[in-house]
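Undergrad: Show me how the following folds:
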Amino acid sequence: MKTESTRLNITLPKNIVVAMDKFTAPRKRSQFIAKAIQERIERQKKEKLEELLIEGYQARKDENMKLSSDFEIADLEGWDEY
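TA: Numbers count the residues shown, from 1 in each chain. This is a model prediction of the structure:
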């Protein structure tokens, strides 16, 4: 599947280009950079989702503790048998 491309003119530090060239051919730099950027975007999306989940759990902490205590008897029911 071919995707639409946009040509960019970017400037990178020489040491990054030298390191990149050890992993890819000069004619494959665009693919290498695109993959690296995509991986970074996915990692940042995941980090943002984790932050939102933490915020949500913290915001509902009291509600969850109340719910947990309401069902504590049912959770412990039958444990004496073991």
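Undergrad: What lies in contact with the lowest-mean-pLDDT helix or strand in the chain?
TA: In the chain, no helix or strand scores lower on mean pLDDT, DSSP states H and E than helix 72-76, which sits at a mean of 74. With contacts defined as C-beta atoms under 8 Å, 6 or more residues apart in numbering, helix 72-76 is touched by no residue outside it. For every residue, glycine as well, the C-beta is placed using N, CA and C.
Undergrad: let's go with 10 Å and repeat that
TA: Helix 72-76 has contacts (C-beta atoms under 10 Å, 6 or more residues apart in numbering) with 68-69.
Undergrad: and if you look at stretch 40-56?
TA: Contact with stretch 40-56 is made by no outside residue, as judged by C-beta under 10 Å, 6+ apart.
Undergrad: Output that stretch as PDB, restricted to C-alpha atoms.
TA: Only the C-alpha atoms of stretch 40-56 are listed here, as PDB (Å, rounded to 0.1, in the frame of the first residue of the first chain):
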ATOM      1  CA  ARG A  40       8.200   8.000  18.700                       C
ATOM      2  CA  ILE A  41       4.600   9.100  17.900                       C
ATOM      3  CA  GLU A  42       3.200   5.700  19.100                       C
ATOM      4  CA  ARG A  43       5.300   5.900  22.200                       C
ATOM      5  CA  GLN A  44       4.100   9.400  23.100                       C
ATOM      6  CA  LYS A  45       0.400   8.300  22.400                       C
ATOM      7  CA  LYS A  46       0.900   5.400  24.800                       C
ATOM      8  CA  GLU A  47       2.500   7.700  27.400                       C
ATOM      9  CA  LYS A  48      -0.400  10.200  27.100                       C
ATOM     10  CA  LEU A  49      -3.000   7.400  27.400                       C
ATOM     11  CA  GLU A  50      -1.200   6.100  30.600                       C
ATOM     12  CA  GLU A  51      -1.300   9.600  32.000                       C
ATOM     13  CA  LEU A  52      -5.000   9.900  31.300                       C
ATOM     14  CA  LEU A  53      -5.700   6.500  32.900                       C
ATOM     15  CA  ILE A  54      -3.700   7.500  36.000                       C
ATOM     16  CA  GLU A  55      -5.700  10.700  36.300                       C
ATOM     17  CA  GLY A  56      -8.900   8.800  35.900                       C
END
